[in-house]
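Chemist: sequence first, then the predicted structure, then my questions.
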Amino acid sequence: MHIDVVTLFPSMVDAPLSESIVGRARSSGLLALGFSNPRDFGEDRHRTVDDKPYGGGTGMLLMAEPVYKALKEVKKKGSFVILLTPKGRKFDQPMASGLAKKKHLIFICGHYEGIDERVNDLADLEMSIGDYVLTGGEPAAVVVIDAVTRLLPGVLKKEDATVNETFSMGLLEAPHYTRPGVWRKKKVPEALMSGNHKLISKWRHDAALALTGKKRPDLLKRLQR
Ligand code: ADE
C-alpha cells in the first residue's frame, strides 16, 4: 500500500508512524509513506500558505493553491483522496477495511482555522475521527493510517488476529488474560483454563455479547437492525 500525506508538518505524522508495528511495516516495504508539503508551493518569497478569511473572523486559513499544487505532486490515476476535517464522515472499522483495499491513499491535513472551502472538491471523501476539534488534521491522519496499516496482509503476525477482534464482528472483544492464573486474588475464568476449544469459543462469544451490552448497547442495537 502506498500512502501520501499533504501536510505542513510532516514530522507530526512521520514520527509516530516510525515506531512499532507501523514502523516495521514501513521498513519491510508493506507500507510506503510519503509526504508533500504545501509550504514548498507557497507563491511569494516567504512561501506564505495562509491568509485571513474573507468576511472577517478569527484565525488564518490555508490557501487553496499551495494545497492544490502539493496534492498534484503526488496524485496519480486511481488515487483515493481524503480530506481530514471535523466536518467529515466519522471514521470507523468498516471504513478502515474499505481503505485497506485501496492501492494509493492521499490524506490532506488542514491546519490553522481550516482550508479554503474550494479544495473540498479535490477530495473523494471528507473524514473526521470524532466530534472534537484538533489543532490540525495530522493526528487524525496518524489514527487512520494506523488503523488501515494493521489490516494490510502480512502486517500482523497472524492475519486472523483481526478477524475476531473488537468491532470487526460488530461486538467488543471478550476479555484476555495471561499468567499467572490467580493475580492478587483475581482468578482467570475457568473456561479459558479448560483447554476445551469449544467451551473457550462459547465463553468468548458470551463474554463479548455481555460486555457489549454493558459498555456499548448502541453496537448491539445496530446488530439487531
Ligand atoms: N481536523 C481537526 N479536527 C479533526 C477531526 N476531529 N477529525 C479529522 N480532522 C480534524
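Modeler: Now that the structure is in, tell me what you want to look at. Numbers count the residues shown, from 1 in each chain.

Chemist: the lengthiest strand in the chain: how far from the chain's middle?
Modeler: Longest strand of the chain, by residue count under DSSP state E: strand 80-90. Put simply, strand 80-90 sits 11 Å off its chain's centre (CA atoms, centre = their mean, to the nearest Å).

Chemist: pLDDT at Gly114, what is it?
Modeler: With respect to pLDDT, Gly114 has a value of 87.

Chemist: so what's it up against?
Modeler: Gly114 sits next to 61-62, 85 when contact means CB atoms under 8 Å, 6 or more residues apart in numbering. Placement of C-beta: from N, CA and C, glycine included.

Chemist: can you rerun that using 7 Å?
Modeler: Counting by CB atoms under 7 Å, 6 or more residues apart in numbering, Gly114 makes contact with Leu61.

Chemist: got the phi/psi numbers for it?
Modeler: phi 150, psi -170 (degrees, to the nearest 10).

Chemist: ok, now His197?
Modeler: Torsion angles at His197 (phi, psi; degrees, to the nearest 10) stand at phi -60, psi -30.

Chemist: switch to numbering from 22
Modeler: Okay, residue one is now 22; in that scheme the one you just asked about reads as His218.

Chemist: relative to the ligand, how far out is it?
Modeler: According to CB to the nearest ligand atom, to the nearest Å, His218 and the ligand sit 41 Å apart.

Chemist: tally up the residues packed near Val154, please.
Modeler: Counted with other CB atoms under 10 Å, the neighbours of Val154 add up to 9.

Chemist: contact partners for it?
Modeler: For Val154, the contact set (CB under 7 Å, 6+ apart) comprises Pro107.

Chemist: now do the SS call for the residue most central in space within the chain.
Modeler: In the chain, the residue lying closest to the centroid (CA atoms, centre = their mean) is Val165, at 1.1 Å. At Val165, secondary structure determined by DSSP: H, G, I helix; E, B strand; the rest coil is helix.

Chemist: that one against Arg110, yeah?
Modeler: No. When contacts are counted by CB atoms under 7 Å, Val165 is not listed as touching Arg110 (11.7 Å).

Chemist: how about the residue nearest to the centre of the chain: what's its closest non-neighbour residue?
Modeler: Using CB to CB, 6 or more residues apart in numbering and skipping the chain neighbours, the partner closest in space to Val165 is Phe112 (5.9 Å).

Chemist: the nearest residue to Leu82 once chain neighbours are set aside and Arg171, how far apart?
Modeler: Using CB to CB, 6+ apart and skipping residues adjacent in sequence, the residue nearest Leu82 is Pro74, 5.2 Å away. As judged by CB to CB, to the nearest Å, Pro74 and Arg171 stand 38 Å apart.

Chemist: ditto for Gly157
Modeler: 23 Å.

Chemist: cool, Val209 as well?
Modeler: With the distance defined as CB to CB, Val209 ends up 27 Å from Arg171.

Chemist: cool, and Arg246?
Modeler: 28 Å.

Chemist: and for Met22?
Modeler: On the measure of CB to CB, Met22 and Arg171 end up 11 Å apart.

Chemist: of the two, which one has the most company?
Modeler: Taking neighbours as other CB under 10 Å, Met22 and Arg171 compare with Met22 leading, 21 against 17.

Chemist: mind listing what the more buried one touches?
Modeler: Listed by CB under 7 Å, 6+ apart, the contact partners of Met22 are 52, 173.

Chemist: what's the pLDDT at it?
Modeler: For Met22, the model assigns a pLDDT of 98.
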